[in-house]
Every structure is written in structure tokens, then in C-alpha cells.
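>>> mind looking at a prediction? Sequence and model below.
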Amino acid sequence: MDKALTHINKEGNPQMVDVSEKKISTRTAKASGKVIFPQEIFEQLSRDNFLGKKGSIMQTSIIAGIQAVKKTSDLIPLCHPLPVSKVDIDIIPGTNLLEIRCEVKCTSQTGVEMEALTGVSVAALTIYDMTKALSHDIQITDIKLDLKTGGKSDYEN
């Protein structure tokens, strides 16, 4: 089976995919990513319960990620605006890192993969913004789609 880019028309111009003939179904996507810190910075953040001068690093990042999910179509030009019905973002401390997991759900004609990935990305960027005063040796890594269900094809990584 040959695959083709769906956001490029026959003339090579960008296009928004026509989803009008697709069936409405419940769509779910899960994405994840990591923010990795130098050991001494992570230990300091842990001692301070991830509270900084700007407030709770985790809570602020969760709210930023949720806002980003709702604004995905404003940020990514060819994404459809979607009636998001659920956003759940978790931030889990690991060894010198914070792992971000985002689950998004909607009932629509197209999936929410980009919304889940955007939620993780903006939550990670918010963590970076809130901690960069301590170090610029902070890495945002491994942002990926973990699961999508409800469309023409399901995916699990």
C-alpha cells in the first residue's frame, strides 16, 4: 500500500484534510515526554517540592498543557478545531527527570494525536521556563505518541 501526505494537494499546496465523510467516533490519544535535569538541580527541586518563585511547577505546567490542548488548531495550521471532552495530564518524578503523560479524548470525525502531543510539549516547555533560572542544562526529550484509538486505524507504541 502506498502512503501519501494528506495535507498536501495534487498541486503541492497545503490543505486541510476533508473529514466530512468520516464517521463520528470516540477518539483517544496518549502522548508522553520527559524533562531531564542535572542531578543537583533535580535534587533541589525535589527538596522544594517542585515549588519555585513562580509557584507550583507541576500544577502550572499541567494547566499550561491543558490550555495548549484546547488551542492546538490555533498553533498547528492544518489541525481541525475539535470538541475536546477530556484532557488528563500527569507529571511523574523519576530519576533526575519529570515524565509528562497526556491523554486527550473527543467524539469527532478526526483524531486527537496532535492535541496530546501539543499538551505534552507545552507542559514540558512550561517546566523549562519555570526552572531555567537554575540551569540551562535542562533537556526536553522523547516526546512521542503512545496510543491512538477510535479512527480508521489504532496505534500503540
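All right, it came through fine.

>>> switch to C-alpha atoms for all contacts and neighbour counts from now on
OK.

>>> hmm, Ser108 is touching Ser85, no?
No. The criterion here is Cα atoms under 8 Å, and Ser108 misses it with Ser85 at 10.1 Å.

>>> can I assume Lys30 sits in a strand?
Yes. Assessed with DSSP: H, G, I helix; E, B strand; the rest coil, Lys30 lies in a strand.

>>> what's the separation between it and Ile92?
For Lys30, the distance to Ile92 equals 15 Å [Cα to Cα, to the nearest Å].

>>> now Pro93. Nearest residue, chain neighbours left out?
Sequence neighbours aside, Glu99 is the residue nearest to Pro93 in space, at 6.3 Å (criterion: Cα to Cα, 6 or more residues apart in numbering).

>>> contacting residues for the one you found?
Shown in contact with Glu99 (Cα atoms under 8 Å, 6 or more residues apart in numbering): 32-35, 91-93.

>>> do that again at 10 Å, thanks
By Cα atoms under 10 Å, 6 or more residues apart in numbering, the residues touching Glu99 are 32-36, 90-93, 120, 124, 140-143.

>>> among these, which ones are in strands?
Of the contacts of Glu99, the ones assigned to strands by DSSP state E are 32-36, 90-93, 140-143.

>>> for the chain, what spans make up the helices?
Using DSSP state H, the helices assigned to the chain run over residues 39-47, 57-70, 72-75, 113-131.

>>> and among those helices, the most buried is which?
Among the helices of the chain, helix 113-131 has the highest mean neighbour count (mean count of other Cα atoms under 10 Å), at a mean of 25.
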